[in-house]
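Undergrad: Fold the following.
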Amino acid sequence: MKYKILKNFKNFCKINIYKVKKGFIGDISNIFRRMILINPKSYKVEYLIFKGLKHEYTFIDGINEDIMEIVLNFRKILIKAKFFKKIYIKIKKKGPGYLFAKDIELPLLFSVINKNFKIFRINKGYEVEFLLKIKKISLKSRIKKNKSSKYKIYVNNFISPVERVLISYNKRKKSDNFMIKIYTNGTLKSKKVFLDSYKKIKNIFS
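TA: Numbering: from 1, shown residues only. Alright, predicted model coming up:
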């Protein structure tokens, strides 16, 4: 089994997989689809700590949105980074106005893609201070339950950085190849996502 990259952009790539064993094209293409969607790890907010807040089913004084809505908004933040396993960020902001994704002050090797994304609104006369943890998370990560004793509100972000995986087959009966198209959200390069998955699948069948 070999591959050839036909198109390669930051968020999209098209690959031809060929010299596949006859009779295994359907199985192998499905394995590629699952691996590409589930395997990639990207940087996401793991949990939030608001002072005095014990669980997610409540409100914070001075903030329009409830905790559940805030958690859902933190899931939508797209973070790109290198060489870090985890990092803690402390955020402090006064109202009135929105807390934007760009207000998360990250180290040099980190960057937020959707900087103008609105997380929540702070009312006039109020100030919000909280801590968040960012780490690499994949769809294979375990769901973590919120424990009131630790004041951690887990975001449980299991949205794949791969937005779409499209597979097409050659209509010829004796064909030994198929095509893969990979679309990512920008936090990971599509070519890297493919190469990581290809190596793991190659090891399975070697």
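Undergrad: Would you confirm that residue 33 contacts residue 166?
TA: No. Checked against CB atoms under 8 Å, the pair residue 33 and residue 166 is beyond contact range at 9.0 Å. Quick note: C-beta positions are derived from backbone N, CA and C, even for glycine.
Undergrad: if you count what's nearby, which of these two comes out ahead?
TA: More crowded of residue 33 and residue 166, by other CB atoms under 10 Å: residue 33, with 17 against 11.
Undergrad: Now for the more buried one: which residues touch it?
TA: Taking CB atoms under 8 Å, 6 or more residues apart in numbering as the contact definition, residue 33 lies against 165, 167.
Undergrad: Pretty sure it sits in a helix.
TA: Yes. The assignment for residue 33 by DSSP: H, G, I helix; E, B strand; the rest coil puts it in a helix.
Undergrad: Could you measure from residue 106 over to residue 7?
TA: 31 Å (CB to CB, to the nearest Å).
Undergrad: Following the chain onward from the helix or strand residue 165 falls within, which element is next?
TA: Per DSSP states H and E, residue 165 falls inside strand 162-169. Moving toward the C-terminus from strand 162-169, the next helix or strand (DSSP H and E) is strand 178-184.
Undergrad: neighbouring strands for that following strand, and are they parallel or not?
TA: Partners of strand 178-184 in the sheet, by DSSP bridges, are strand 12-18 (antiparallel), strand 162-169 (antiparallel).
Undergrad: Output those strands in JSON lines, with mean pLDDT and distance to residue 134 appended to each entry.
TA: Listed next are the strands paired with strand 178-184 as JSON lines, based on pLDDT from 0 to 100; distance: least, CB to CB, whole Å:
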{"stretch": "strand 12-18", "mean pLDDT": "96", "distance to residue 134": "26"}
{"stretch": "strand 162-169", "mean pLDDT": "94", "distance to residue 134": "20"}
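Undergrad: Name the residue in residue 106 and residue 7 with the higher neighbour count.
TA: residue 106 (17 against 11).
Undergrad: Tell me the secondary structure at residue 71.
TA: Per three-state DSSP, the local secondary structure of residue 71 is helix.
Undergrad: any idea which residue sits dead centre in the protein?
TA: Relative to the mean C-alpha position of the chain, the nearest C-alpha, by CA atoms, centre = their mean, is the one of residue 161, at 4.1 Å.
Undergrad: okay but that residue is in contact with residue 193, surely?
TA: Yes. Residue 161 is in contact with residue 193 according to CB under 8 Å; the separation is 7.5 Å.
Undergrad: Packing partners of the longest helix seen in the chain?
TA: Longest helix of the chain, by residue count under DSSP state H: helix 190-205. Applying 3 or more CB pairs under 8 Å, 6 or more residues apart in numbering; DSSP states H and E, one finds that helix 190-205 makes contact with strand 2-8, strand 12-18, helix 25-38, strand 178-184.
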